[in-house]
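Engineer: After the sequence you'll find the predicted model.
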Amino acid sequence: MKILKYLFPAILTAMAIFSAKAGDSISVIRPVMSAYTVEAGSSHLTDTYLTPLKYTGWHAALDYERYQAMRFDPERWVMRLHGNLGIDRAANPSRNATMWSLMLSADWGMMRKFRPVDNLTLAAGGSTGIDLGCLYNSRNGNNPASAKAAWTVNLTGYAAYKLRIGRLPVTLMYQPTLPVTGVFFSPDYGELYYEIYLGDHGGLVHGAWWGNYFSLDNRVTADLHLGATSLRVGYHGKVFSSKVNDITTNIFTHSFVIGVSCEWMSLNPRRPASRDARIINAIY
Amino acid sequence: MKKLFPYILMCMAAVLTTACHEVKEHADNPRGNFEALWAALDEHYCFFEEKGIDWNAVRAKYLPRVSDEMSDEELFIVCSDMLDELRDGHTNLSTPFATSYYRKWWSDYPQNYSARLVEQSYFNFNYRSTCGMDYGFLSENIGYIHYSSFSYTVGEGNLDNVLYYLRTAQALIFDVRDNGGGDMTNVETIVARFISRPTIVGYISHKTGPGHNDFSEPRPYTYNPAGQGRVRWGKPVVVLTNRSTFSAANNFVSVMKLLPGVTVVGATTGGGSGMPFSSELPNGWGVRFSACSVLDADGNTTEQGVDPSAGCAVDMDSQAALDGHDTIIDFAVDLIQSGSLAATFDR
């Protein structure tokens, strides 16, 4: 009973504080800029665990990205959440063998924005992300697949430029992401995945640096602001090259991007925005 | 900042130009394909030292036979002859018109098995079959299983049914003659029925680099007994072998031979203890080769085969076969009837 004696006043006090906060109005609104795109293009795959030959073929992917100004300093800092699910199908030079690639990547980062000139916003910062996937060569027996897994810390940023084509507002964006360090998975030179299945888990994780793990993701897009929803078109190129345990993997993709982007706000009816609330665009 | 900009650009250019790792390419012509084949083996094959093969000398021997004017058929013959130097049943060159095989690992030996003889003379064609296993009772109340290939996936339920059906037998003959191998996981599934505790069944050593002596320390691997509720076999077991017992079947014999209560009867197995990797040539031909050495539980190689247990080397008598006798089965039956075999484990 002694507990109840103190518990009830504590709950009432907490509710009072919460009610007071709920009654506060929001002075800064941070809309979310999100984009949903599909990619189609070409792929170049090489993985010497599977084959020494370069395979070429097509690449397709689904991509999602989301920008929002940070809560703590919304004018200058922005965060980005990004995910990409890609699939490649490529053939060897003789076109008598097929290699598939399935890769999922996701990253989250924060960037500091700069406005060097009107209409141009530059942002630079860092992100962290994971890449998971697999290359599969159907002609191989005991070495049919090469699994890929990495956690990386990246340099990232963007350049956004606003312009008009006639009366159509357009936003051009360039977004590079460059992993700097991290850890990634690789079996030993001639190690079977069967050995890993049997319990040999040593030496599978490697520290990443540019000498053994290089990846550069470049994305150039144009958002055509046709209305509340914008048409996004552009280019996405990714260069990935790793070499560890004398196993070299090269994955290069170039693809055309098309999709939609939009800005949206989530408003809390319990905390209405004040009349003079500032709307802080995520990108600019 | 302006002063730093050129340096930043130079750093980025240096990173971009050095970060992408090159992969050595060979030309798609007879010499290029020959060199690609030789290099694939040079960097990945695991038995050069064990077999005393000078791979550079092999290249020097066969390269003069290669010319850019030769046809694919001619190149195939040269490459096949070169691969035969490895004396390895796991090494094949696959082309659209032929696949090379080194056959001497079994062709130079008696076959020591006739499926028709067993099916007709011992079972009168009255036996059960499931998941690649033919099984039934021999007249002396001995259970018999012939497993034709480790490529047939063996389910736990299959094994429960087979072993339960044979449960009243005094012993089991497990015949892997003419079993050319398949999936190693089937070895584990079957062996798990003949052990009562976690057992080190062998060692694996893989290549750690392209050098001929770049190998990892042999690492033991362990099989666990079949789980609760599964039918396990604790009575004596005789494993029958011939020279065509190869690859995963060879591994199965090497594991079983070192278990208590198991006797291996027949001929030395065909070997093939290297787990094969695949690669390919610029012209699209595929190549398979031994790349990862699997040793037995005593740490010995079985690439040249597993010998029968002491005093149990038997060949099939072709004259007796005409009279309906498989002398290897008969030897195993006599061995079991003698009562000298121990149980695989106490139940």
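Structural biologist: All right, it came through fine.
Engineer: who's in contact with the residue of the stretch 1-150 of chain B found nearest chain A?
Structural biologist: When scored by CB to the nearest CB, the stretch 1-150 of chain B has B:Ala19 as its residue closest to chain A, at 3.4 Å. The C-beta positions use only the backbone N, C-alpha and C, and glycine is treated the same way. With contacts taken as CB atoms under 8 Å, 6 or more residues apart in numbering or on different chains, B:Ala19 has the following neighbours: A:210-211, A:214, A:241.
Engineer: Mean confidence (pLDDT) on stretch A:137-149, please.
Structural biologist: With pLDDT averaged residue by residue, stretch A:137-149 scores 94.
Engineer: One more: stretch B:157-172?
Structural biologist: The pLDDT scores in stretch B:157-172 average 97.
Engineer: Run through who's touching that stretch.
Structural biologist: Outside stretch B:157-172, the residues touching it (CB under 8 Å, 6+ apart) are B:128, B:130-131, B:133, B:135, B:137, B:140-145, B:189-190, B:193, B:226, B:230-233, B:235-238, B:336, B:341.
Engineer: what's the first-to-last distance across that stretch?
Structural biologist: Criterion CA to CA, to the nearest Å; first-to-last residue distance in stretch B:157-172 is 19 Å.
Engineer: how about that stretch: buried residues?
Structural biologist: B:158-163, B:165-166, B:169, B:171-172 (16 or more other CB atoms under 10 Å in any protein chain shown).
Engineer: ok so, going back, among the contacts of stretch B:157-172, the buried ones, what's the ChimeraX command?
Structural biologist: For anyone working in ChimeraX, the buried entries among the contacts of stretch B:157-172, judged by 16+ other CB under 10 Å, can be selected with:
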select /B:130,133,135,137,142,143,144,145,189,190,193,226,231,232,233,235,236,237,238,336,341
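Engineer: Enumerate the residues of the stretch 51-200 of chain A near chain B.
Structural biologist: A:51-54, A:92-97, A:137, A:139-144, A:188-192, A:194-195, A:198-200 (CB under 8 Å from any CB of the partner chain).
Engineer: For chain B, state which of the contacts of B:Ala19 is nearest.
Structural biologist: Taking CB to the nearest CB as the measure, chain B sits nearest to A:Phe214 out of the contacts of B:Ala19, at 3.4 Å.
Engineer: Tell me if I'm right that A:Thr248 and A:Leu45 touch.
Structural biologist: No - the pair A:Thr248 / A:Leu45 is not scored as a contact, 11.7 Å apart, by CB atoms under 8 Å.
Engineer: Please say which of the two ends up with more neighbours.
Structural biologist: With neighbours defined as other CB atoms under 10 Å in any protein chain shown, A:Thr248 and A:Leu45 compare such that A:Leu45 has more, 29 against 19.
Engineer: For beta bridges, what are the partners of that one?
Structural biologist: With DSSP bridges as the criterion, A:Leu45 is bridged to A:Tyr55, A:Ile251.
Engineer: Contacts only, for it.
Structural biologist: By CB under 8 Å, 6+ apart, the residues touching A:Leu45 are A:54-57, A:88, A:90, A:99, A:101, A:135, A:250-251.
Engineer: CSV for those residues, including distance to A:Glu263 and neighbour count?
Structural biologist: Converted to CSV, these look like this (distance: CB to CB, whole Å; neighbours: other CB atoms under 10 Å in any protein chain shown):
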residue, distance to A:Glu263, neighbour count
A:Lys54, 42, 16
A:Tyr55, 40, 25
A:Thr56, 39, 18
A:Gly57, 36, 18
A:Asp88, 32, 26
A:Ala90, 37, 23
A:Met99, 40, 26
A:Ser101, 33, 23
A:Leu135, 38, 25
A:Asn250, 38, 20
A:Ile251, 33, 24
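Engineer: which bits of the stretch 1-150 of chain B sit near chain A?
Structural biologist: Within the stretch 1-150 of chain B, the positions near chain A by CB under 8 Å from any CB are B:15-16, B:18-25, B:28, B:36, B:40, B:44, B:46, B:96.
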